[in-house]
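Colleague: A structural model of the following input is requested.
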Amino acid sequence: MKLLHVRDVLKREEDIQRAEVEYGVIKEFGDKTMRYAILSHRWEDDAEVAYEEMIGFMKMDELKKKEVRDRSGYTKIIKCCEQAMKDDYEWLWIDTCCIDKRSSAELSEAINSMYRWYQDAQVCYAYLNDVTESTFPTERDSRTYHKSHGWPEWFMRGWTLQELIAPKRLEFFNKDWAPIGNKQHLAPLLEVITEIPRNVLTDGPVGKRLSVAQVMSWAAERKTTRVEDRAYSLMGLFEVNMPMVYGEGKKAFQRLQLEIIRRSSDHSIFAWHLSTPRTGSFLADDPSDFRNCGHIRKVEPEEFGDKLVEYVTRRRLHVPEHNSWKILTYPIHRCRLAWLRWRARALSLQLRTFTVRNAGIQVCLPIIPYADSPSLFRATLACTDRLGVALPTIDIAISGFGVYREPLTFENVRKTLKVYPEFRTLHLTHDQDVNENRREFTLDDKHALHHGFTRCGTYPRESAGDVVTLSSLTDGLVIVQYSNKDTGSHFTVGLGYYFGQGWVHILCDEPSVTGMVCSAGNGPRAYGQMWLARAKHARNMSKRGRAHSSRDAHFIKHAHLPQSIWDARVVWGRWEADNFRITIDVVQCPGCCGGPWQISTTFNDWGGLGMPGPMNTVFRSCLMTLGGWVAAVDGCSGQRIQLGDYGDCSDGILIRTGNIFEDMRILPIDPKDSAYCPVVSRVHSEADWWSSCNGRQADVTIVYHATRHTHLALRQAKGFSLPTNELFILLLKAFSTRLAGKHLVTTIIQCSEFYSVDRAGNRRDSEDGECSTNDRVLLTFCSIRLGAGQW
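Modeller: Numbering: from 1, shown residues only. Next up, the predicted model:
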């Protein structure tokens, strides 16, 4: 510990012009019996005097000396030395100039020892540089102290918390170093300012049954320049030590909590509340999460059983509302409560033991399951409120990835739990990076522009691009808002990732009469609604996925926009197991909406031909390669079918009601425009053995007929498909009303001849007449798919 020699500092100041005189103003001591004073103050940017400047002061040139002496930090040192001299103290410690911060080892030692240094000092001088009055402020003054909640800023700094509690004697001074009071006499007022109990201020924390949450709450409103110091400034209060790692950010506070857990069995360390909802670690992000936890008191393990039984009985957690009196009088009910009390006492050792492992924090807690969620539980903590009545609870989620903290929402509080608590040993997640899955959501919302809808905002974070990264633990929800300023219509799309399950949802509000469709309040409100229901949305998506196990499945969630002709739709591909591509669209509602929102399913080919929008496929009997992609078609040689036909399909027969290319005449579109011309593709064989046949012909393609388990040969085959470019998709959008519920021919195969072949590639006669040798007649194989207005 380095200390300033008060007399030498003042003597050097008097002899400032005598450059030949060298004063040893700082000396190092290890004797705990040393009598010294200590300073508590607020650091001022670029105004403090460092250790190397203090010891090398006399070697500076005159200009540098003048610059140092003109600093407010130098004046503070001199004034503090004068006060120490007046109080007959020979030695003084000031953190700005008594720590050589060039040495990381010395800095770490000082920070780990600082609480003890303040505790061992004979007096602490608290310098309030923003108090100009001659008396201590007795009332909140938001005008004078507008940056610090109406009180001197010294009370809002992180390091000054331990500097207030640790010293036995604390004297306050104003800006001019005039005394304005001491801790003993001002204790009632200091309790109001800091929310620290009066007996802790006057007698210290030793011997008090202070909970971890209570002590953390004292630091909730305090700030530090470095984010790591939020944790380091609390080590002395909790009597823990750990190495300093500046640059680690909020991980410092997580390390602090783990050190507290290793030496304490206080459940209140888990009783914090989040200002912003998140799912994940059981460790708080910051002391501010313990805001409003000053009333929480510790409950010893041997007392917890009685407290738990009282809590269960008082809250009637196990009793249905309609039958409460009858159940309360059952002998079995009393036996179960007695067993619960006995169980808590038998587990007293486990309740008082925390073990930090890689898998999590091992702890024993009584939990109650939620009726509507098999993975969500409510856990009761071994602590209580100021009156000793209520026991804090937290929501936890148990999944394949581990046990995670869930936000305690108003929706959860209202749910009635109907069973007795069950004690279970859990491994609570404490590292946000362990097993944390991140997924990318790629947005494709260009089609929404067709009807004048634009993206007008995202929440809770701004995102101007088309890729959103979500984490199921820390950042599992982003909402995107869309609006049409001309009609006042607007809707919100939520993109969520919850315990390995991605989900989407749509919210539609009434049209805005003012045009303010994306006001500041809409985002948080929609976010809150979807956050509360995210578990339900994830389960619905999971159920839909299990019901349709095909990789080809597309899911479409759609909602009708109130007082409009529009239908908002979100399209989601099931096969994208790692990252997700979301298509957001607005179409003219065909009048088939069955409620505020619905989910429908389509089955575009995974890895197959591109389709002009999501469509459902009917059974296809023949497989081939078309333009490099696997294609499956139906044999429909008996029908005169053309590309773009649509109608009703029954038993493989298409009852034609129209054709896309014929309908284009209604619109001012040239059917010969290259954007609307069919895509012509080469047809290749799917049968590998055909390429090795000696007698194979270059213009013959072999396809497999799945229904008949035979192979067909197609001569001079060509494939024609609908284009998949944006202009053609917009055309289908324009026709979405008339195409709703219809089947659409998206691909045809034309050939001059087809016939059956055997495994050797030899032509064989077909017993059912499945053969044609008329090379003037083009026989058609077509793929018939569901349009259903899904663009």
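
Colleague: ok, which stretches of the stretch 201-350 of the chain are strands?
Modeller: 297-298 (DSSP state E, counting those that start in this stretch).

Colleague: how about low-confidence regions in it?
Modeller: Low-confidence segments of the stretch 201-350 of the chain (pLDDT under 70): 274-279, 315-333.

Colleague: can you give me the helices for it?
Modeller: 212-218, 229-232, 235-238, 251-263, 301-315, 324-328, 331-346, 348-351 (DSSP state H, counting those that start in this stretch).

Colleague: from the contact counts, what lies against the second one?
Modeller: Looking back up the chat, that one is helix 229-232. If contacts are counted by 3 or more C-beta pairs under 8 Å, 6 or more residues apart in numbering; DSSP states H and E, helix 229-232 sits against helix 251-263. In this view, the C-beta of every residue, glycine as well, is placed from N, C-alpha and C.

Colleague: for the helix it packs on, name the packing helices and strands.
Modeller: helix 229-232, helix 235-238, strand 355-357.

Colleague: one more time with 6 Å, if that's ok
Modeller: For helix 251-263, the packing partners by 3 or more C-beta pairs under 6 Å, 6 or more residues apart in numbering; DSSP states H and E come out as helix 229-232.

Colleague: which other residues reach the helix it packs on?
Modeller: Contacts to helix 229-232, defined as C-beta atoms under 6 Å, 6 or more residues apart in numbering, come from residues 111, 158, 224, 252, 253, 256, 287.

Colleague: who wins for neighbours among those residues?
Modeller: Counting neighbours by other C-beta atoms under 10 Å, the top entry in those is residue 287, with 26 neighbours.

Colleague: residue 222 is in contact with that one, correct?
Modeller: No - the pair residue 287 / residue 222 is not scored as a contact, 7.3 Å apart, by C-beta atoms under 6 Å.

Colleague: quick one, grab the pLDDT at the residue nearest the centre of the chain.
Modeller: The residue lying closest to the centre of the chain (C-alpha atoms, centre = their mean) is residue 475, at 1.6 Å. On pLDDT, residue 475 comes in at 70.

Colleague: likewise for residue 19?
Modeller: 53.

Colleague: in the stretch 351-500 of the chain, where is pLDDT below threshold?
Modeller: 372-373, 400-401, 408-418, 432-437, 472-474.

Colleague: let me fix that, I meant to ask about the stretch 651-791 of the chain.
Modeller: 651-652, 685-697, 705-708, 737, 760, 765-791.

Colleague: quick one: the strands in it, in order.
Modeller: 653-659, 679-684, 700-705, 710-715, 718-721, 743-751, 753-757, 763-764, 779-786.

Colleague: out of the ones you listed, nearest to residue 309?
Modeller: strand 779-786 (60.3 Å; C-beta to C-beta).

Colleague: state the pLDDT value of residue 74.
Modeller: Value for residue 74, per-residue pLDDT: 95.

Colleague: against residue 96, how distant is it?
Modeller: 10 Å (C-beta to C-beta, to the nearest Å).

Colleague: repeat for residue 714
Modeller: From residue 714 to residue 96 the distance is 89 Å (C-beta to C-beta).

Colleague: give me the more crowded residue out of the two.
Modeller: residue 714 (24 against 21).

Colleague: which ones are touching the more buried one?
Modeller: So residue 714 contacts 701, 751, 754 (C-beta under 6 Å, 6+ apart).

Colleague: who are the contact partners of the nearest residue to it once chain neighbours are set aside?
Modeller: Leaving aside its sequence neighbours, residue 714 sits nearest to residue 751 (C-beta to C-beta, 6 or more residues apart in numbering; 4.2 Å). Shown in contact with residue 751 (C-beta under 6 Å, 6+ apart): 714, 715, 716, 717, 779.

Colleague: again, but for residue 148
Modeller: residue 156.

Colleague: now name the helix or strand holding residue 175.
Modeller: Using DSSP states H and E, residue 175 maps to neither a helix nor a strand.

Colleague: and the gap between it and residue 134?
Modeller: 10 Å.

Colleague: again with residue 477
Modeller: Relative to residue 134, and taking C-beta to C-beta, residue 477 is found at 54 Å.

Colleague: again with residue 359
Modeller: Taking C-beta to C-beta, one finds residue 359 at 60 Å from residue 134.

Colleague: counting neighbours, go ahead and name the busier of the two.
Modeller: Legend: neighbour count by other C-beta under 10 Å for residue 359 and residue 134, higher for residue 359 (15 against 10).

Colleague: nearest spatial neighbour of the more buried one, skipping sequence neighbours?
Modeller: residue 427 (4.6 Å).

Colleague: okay, now that neighbour: neighbour count?
Modeller: Neighbours of residue 427 using other C-beta under 10 Å come to 15.

Colleague: how about residue 280?
Modeller: Residue 280 has 22 nearby residues by other C-beta under 10 Å.

Colleague: next, the buried residues of the helix or strand containing residue 426.
Modeller: For residue 426, the host element (DSSP H and E) is strand 422-428. Of the residues in strand 422-428, 423, 426, 428 count as buried by neighbour count, 16 or more other C-beta atoms under 10 Å.

Colleague: which strands or helices does it pack on?
Modeller: Short answer (3+ C-beta pairs under 6 Å, 6+ apart): strand 422-428 packs on strand 360-370.

Colleague: for the closest residue to residue 121 other than its chain neighbours, give me the pLDDT.
Modeller: The shortest distance from residue 121 to any non-neighbouring residue, by C-beta to C-beta, 6+ apart, is to residue 38 (3.9 Å). Per-residue confidence (pLDDT) for residue 38: 97.

Colleague: SS state for the residue lying closest to residue 138 once chain neighbours are set aside?
Modeller: Spatially, and ignoring its direct neighbours in sequence, residue 138 is nearest to residue 189 (6.2 Å; C-beta to C-beta, 6+ apart). Under DSSP: H, G, I helix; E, B strand; the rest coil, residue 189 falls in the helix class.

Colleague: same check, this time on residue 115
Modeller: Once three-state DSSP is applied, residue 115 turns out helix.

Colleague: can you verify my assumption that it contacts residue 236?
Modeller: Yes - counting by C-beta under 6 Å, residue 236 is a contact partner of residue 115 at 2.1 Å.

Colleague: which of those two has more neighbours?
Modeller: Between residue 115 and residue 236, counted using other C-beta under 10 Å, the more crowded position is residue 236 (23 against 20).

Colleague: any idea how far residue 216 is from that one?
Modeller: 14 Å.

Colleague: could you do residue 169 as well?
Modeller: 26 Å.

Colleague: the more surrounded of the two?
Modeller: residue 216 (30 against 13).

Colleague: what separation is there between that one and residue 231?
Modeller: 11 Å.

Colleague: over to residue 500?
Modeller: Distance from residue 500 to residue 231, by C-beta to C-beta: 31 Å.

Colleague: can you check residue 83 too?
Modeller: Distance from residue 83 to residue 231, by C-beta to C-beta: 32 Å.

Colleague: please apply the same query to residue 471.
Modeller: 23 Å.

Colleague: neighbour count: these two, which is higher?
Modeller: residue 231 (26 against 16).

Colleague: ok, residues contacting stretch 158-175?
Modeller: Contacts of stretch 158-175 (C-beta under 6 Å, 6+ apart): 40, 115, 118-119, 121, 123-129, 131-132, 154, 179-183, 219, 222, 224, 229-230, 233, 236-237.

Colleague: how far does that stretch stretch from one end to the other?
Modeller: 20 Å (C-alpha to C-alpha, to the nearest Å).

Colleague: just to revisit the earlier point, could the strands of the stretch 651-791 of the chain go into a markdown table alongside distance to residue 246?
Modeller: Converted to a markdown table, the strands of the stretch 651-791 of the chain look like this (distance: least, C-beta to C-beta, whole Å):
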| stretch | distance to residue 246 |
| --- | --- |
| strand 653-659 | 72 |
| strand 679-684 | 61 |
| strand 700-705 | 67 |
| strand 710-715 | 72 |
| strand 718-721 | 62 |
| strand 743-751 | 62 |
| strand 753-757 | 77 |
| strand 763-764 | 82 |
| strand 779-786 | 61 |
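
Colleague: right, I'll leave it there.
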